[in-house]
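A.B. asks: I'll drop the sequence and a predicted model, then ask my questions.
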Amino acid sequence: MSFSTRPAALLLSLGLLTATVAQAQTGFVLSDATLRADVARFNELDKEDVINLVPNAQAADWLSQQVPRFECPDSALQHTYYYRWWCLRKHLKQTPDGYVFTEFITPMKHAGTHNTISSALGHHIYEGRWLHNPQYIEQYTKFWLYVDAKRTAPRLHGFSSWLQDAVWSFYLVTPNKPLVQELLPALNADYHLWEKERMLPNRLFWQYDVKDAMEESISGGRKVKNVRPTINSYMYGNAKALTAMAKLTGTDSLQRKYAAKAKQLRADVQRVLWDDKDAFFKVQYEQGGLCEWREELGYIPWYFSLPADKPKYARQWAQLTDEGGFKAPWGLTTAERRAPGFRTHGSGHGCEWDGAVWPFATTQTLKGLANLLTEYKHQDGMSRRVYYDELRKYALSHQKNGQPYLGEYQDEKNGEWLKGDNPRSSYYNHSGFADLIITGLVGLKPRADNVVEIAPLVPEGQWDYFCLDELRYHGRTLTVIWDRTGQKYGKGQGLRVFADGKEIGRAEKLQRLTAKLPG
């Protein structure tokens with residue numbers, strides 16, 4: 001597979017010129033003034049040691065054309081939203097093999113072609129699906145499925161991933177049936193390869209913690225073959241996605257096969273990895289038995305809505321707000337704080353997933369919490385307030401010496417970035433944030449049909465207003481507004497949804513709302 005090799009700068013300039021001519025800088029409700037002011041500040045603070053497709057000088061124009069605009073009364077959330085897009089843009093590269101996203105801004109020895117690494121591939125697709133140009137994610141996906149596969153030493157399976165699930169999540173935002181038809185054989189083959197490489201006779205999957213991108217965990221090791229909630233939840237999500245893709249394309253036999261695999265994995269994860277005494281999903285050791293302590297990875301099953309809606313599973317969430325569990329001043333810890341081995345396994349090593357705060361894991365947990373709050377009846381004390389507080393804490397963690405920063409992992413008490421000033425850690429593209437705003441806080445629930453569903457997680461009475469504007473969805477441009485008085489945006493009181501500038505749904509309160517897209 002080959003892609004255009006025209007100079008990236010020329011293509012970018014032409015694209016920005018076309019976009020500028022075709023579209024004004026003001027959306028249906030929001031202008032790009034806040035975006036541009038934030039970008040100017042981020043640029044001023046940046047040394048720009050590495051330049052990929054979009055240099056800082058063109059960042060404001062590119063972001064103005066590519067990302068949904070967001071406004072709210074909370075400056076931490078609003079500025080971090082734009083900071084994360086500014087960082088993501090730094091990792092976008094145009095190559096002879098198409099567009100790709102990098103994880104580290106500097107070259108890494110363990111990276112593959114074009115400095116690509118697959119560990120955060122799912123996060124990249126979930127975040128990047130909101131860019132207005134779908135070619136970035138389409139070509140990036142094809143790179144991993146077609147280009148990397150032909151390398152002497154393919155790197156896609158260097159890390160566990162929820163690739164199939166992420167591809168389906170991309171489809172739910174930008175429906176493209178021909179693309180799904182094209183990718184389905186490769187995605188099917190990829191699933192079979194995982195079964196060949198990592199599936200046990202009991203049909204569950206094992207993985208080294210390092211290959212889950214979670215090295216030096218409290219339960220694992222770089223050479224220990226444990227049965228982990230991570231890869232098993234990913235494979236469940238992948239099986240569900242393949243079931244949906246097979247249904248879309250009318251591949252009945254494939255649909256039945258993956259529906260059965262998903263059903264089996266769901267049952268086995270709940271049967272084998274659930275610790276009834278500690279009320280938590282845990283790692284099962286290679287030699288048998290569950291880990292003695294709880295780890296944040298136990299929340300990953302909810303990322304894919306795997307657990308049944310039963311009180312016993314919901315009990316797990318009580319640990320999220322327990323200071324002996326995962327709650328810490330600077331964020332959610334990767335191991336429960338009461339564990340005797342907390343912050344000891346990884347000390348002195350390259351990474352530590354035995355307690356330190358990792359944005360990768362925070363993203364997964366908050367996504368799981370959003371699913372719990374919008375899809376489950378049993379929530380065990382979790383609320384919009386918990387989601388909001390932890391998301392805001394996550395936003396506030398994006399700083400170093402008082403300036404915007406995104407790194408690898410942090411001390412849970414003081415927020416110190418534990419890689420220090422290592423250049424590789426700057427703008428670390430290993431997590432998500434904008435998607436948590438769009439699908440969590442604002443609450444857009446992407447669907448395959450033509451219904452727009454909004455389930456906001458902003459606590460009642462917290463904000464008088466917010467606006468998500470210029471959001472591309474199913475070929476339309478959506479605007480979601482909350483305006484308590486109706487005076488902020490002049491479009492009426494309450495929660496309102498617009499498609500291409502025309503109102504399609506409203507509600508008086510911050511509540512679940514559904515509306516049909518125009519035919």
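C.D. replies: On my side now, so go ahead. Computed from a predicted model, the values in this text were never measured in an experiment.
A.B. asks: CA atoms for contacts and neighbours, from now on please.
C.D. replies: Fine.
A.B. asks: Now residue 351, what are its backbone angles?
C.D. replies: phi -150, psi 160 (degrees, to the nearest 10).
A.B. asks: ok, now which ones touch it?
C.D. replies: By C-alpha atoms under 8 Å, 6 or more residues apart in numbering, residue 351 lies in contact with 214-216.
A.B. asks: Going by neighbour count, which of the residues you listed comes out on top?
C.D. replies: Using other C-alpha atoms under 10 Å as the neighbour criterion, residue 214 leads those with 25 neighbours.
A.B. asks: Next, find the distance separating it from residue 119.
C.D. replies: Separation of residue 214 from residue 119 (C-alpha to C-alpha, to the nearest Å): 10 Å.
A.B. asks: Tell me the secondary structure of residue 171, please.
C.D. replies: helix (DSSP: H, G, I helix; E, B strand; the rest coil).
A.B. asks: Who are the contact partners of it?
C.D. replies: 177, 180, 448 are the contacts of residue 171 under C-alpha under 8 Å, 6+ apart.
A.B. asks: So which of those belong to helices?
C.D. replies: Using DSSP state H, the subset of the contacts of residue 171 located in helices is 177, 180.
A.B. asks: was I right about residue 377 contacting residue 309?
C.D. replies: Yes - with contacts counted by C-alpha atoms under 8 Å, residue 377 reaches residue 309, the gap being 6.8 Å.
A.B. asks: between those two, which one's more packed in?
C.D. replies: Each of residue 377 and residue 309 has its neighbours counted (other C-alpha under 10 Å); residue 309 has more, 15 against 12.
A.B. asks: ok, residue 411 - contacts?
C.D. replies: Contacts of residue 411 (C-alpha under 8 Å, 6+ apart): 330, 356-357, 417-418.
A.B. asks: I misspoke; the intended subject was residue 296.
C.D. replies: Taking C-alpha under 8 Å, 6+ apart as the test, what residue 296 contacts is 326, 332-336, 361, 365.
A.B. asks: Count the residues that sit near residue 340.
C.D. replies: 10.
A.B. asks: What average pLDDT does stretch 486-498 get?
C.D. replies: Averaged across stretch 486-498, the pLDDT comes to 97.
A.B. asks: burial measure for the closest residue to residue 415 other than its chain neighbours, as a count.
C.D. replies: Among residues not flanking residue 415 along the chain, residue 330 sits closest, at 5.6 Å (C-alpha to C-alpha, 6 or more residues apart in numbering). Using other C-alpha under 10 Å, residue 330 has 20 other residues around it.
A.B. asks: so how far is residue 476 from residue 330?
C.D. replies: Residue 330 sits 38 Å away from residue 476, going by C-alpha to C-alpha.
A.B. asks: First-to-last residue distance for stretch 60-79?
C.D. replies: End-to-end span of stretch 60-79 (C-alpha to C-alpha): 14 Å.
A.B. asks: no, scratch that, I was asking about stretch 43-55
C.D. replies: Termini of stretch 43-55 sit 10 Å apart (C-alpha to C-alpha).
A.B. asks: How about stretch 479-488?
C.D. replies: Terminal-residue distance, stretch 479-488 (C-alpha to C-alpha): 15 Å.
A.B. asks: Enumerate the positions of that stretch that are buried.
C.D. replies: For stretch 479-488, burial by neighbour count (16 or more other C-alpha atoms under 10 Å) applies to 479-484, 486.
A.B. asks: what is the mean pLDDT for stretch 133-148?
C.D. replies: 98.
A.B. asks: Just the CA atoms of that stretch, as CSV, please.
C.D. replies: Below are the C-alpha coordinates for stretch 133-148, written out as CSV (Å, rounded to 0.1, in the frame of the first residue of the first chain):
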residue,chain,number,x,y,z
ASN,A,133,-10.4,14.9,8.4
PRO,A,134,-11.0,11.2,8.7
GLN,A,135,-8.0,10.4,6.5
TYR,A,136,-5.7,10.8,9.5
ILE,A,137,-7.2,7.8,11.4
GLU,A,138,-8.1,5.8,8.2
GLN,A,139,-4.5,5.9,7.0
TYR,A,140,-3.1,5.3,10.5
THR,A,141,-5.3,2.2,10.9
LYS,A,142,-4.2,0.9,7.5
PHE,A,143,-0.6,1.5,8.3
TRP,A,144,-0.9,-0.9,11.3
LEU,A,145,-2.9,-3.6,9.4
TYR,A,146,-1.2,-3.5,6.0
VAL,A,147,2.2,-1.8,6.2
ASP,A,148,3.4,-3.0,9.6
